[in-house]
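Visitor: Attaching a predicted model along with its sequence, questions to come.
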Amino acid sequence: MKEKHSFFDVQLIEILSQEKIFRPYFIYENELDTVLMSDDAFQLLLPLSNEMANDSIRFHWQGDVENVELIVENNKLEKRFRDTINNNFALDLSETQFAEGLYYYKIIYQETLIRLGKFYVIRQL
């Protein structure tokens, strides 16, 4: 299910995508929000699609899955985080590790990609 954004959020995303640090990686863009696992087993509740964050971002889901592997990459495909996480995990977006920009996340369960999404780090929220 796609999340609706206000007019101003849509405008901000369009403006940001013109800057290099927010430029989309088109191969990932075609696969975004693809659900690769039954909704009964795993339903991602957070982060929301195109979420904008400044200091942390939470990963929360429903279903029988206890933990997953989380990989976070910037829009140049440089890995910024990779670890096994539990439900309701808050990823610290420290400025030294996560500069302002567009980030993609991969959620992997039993060595299979089950979700690809993205979020923005914007410090002046």
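Guide: In hand now; what should we look at? Numbers count the residues shown, from 1 in each chain.

Visitor: who touches the closest residue to residue 42 other than its chain neighbours in this structure?
Guide: Excluding the flanking residues, the one nearest residue 42 by Cβ to Cβ, 6 or more residues apart in numbering is residue 63, at 4.3 Å. C-beta: built from backbone N, CA, C; applies to glycine. Contact analysis of residue 63 by Cβ atoms under 8 Å, 6 or more residues apart in numbering lists 39-43.

Visitor: From the residues you listed, pick the one nearest residue 69.
Guide: Nearest to residue 69 among these, counting by Cβ to Cβ, is residue 42 at 12.8 Å.

Visitor: Got phi/psi on the closest one?
Guide: When read as degrees, to the nearest 10, the backbone of residue 42 gives phi -160, psi 120.

Visitor: burial count for it?
Guide: Look at residue 42: counted by other Cβ atoms under 10 Å, it has 19 neighbours.

Visitor: give me every residue that touches it.
Guide: Going by Cβ under 8 Å, 6+ apart, residue 42 touches 61-65, 68, 109, 114-115.

Visitor: which of these tops the neighbour count?
Guide: Highest neighbour count within the contacts of residue 42, by other Cβ under 10 Å: residue 115, with 23 neighbours.

Visitor: circling back: which pair in the contacts of residue 42 spans the largest distance?
Guide: For the contacts of residue 42, and using Cβ to Cβ, no pair is farther apart than 64 and 115, which are 15.2 Å apart.

Visitor: Please indicate which of the contacts of residue 63 are buried?
Guide: The neighbour count (16 or more other Cβ atoms under 10 Å) marks 42-43 as buried among the contacts of residue 63.
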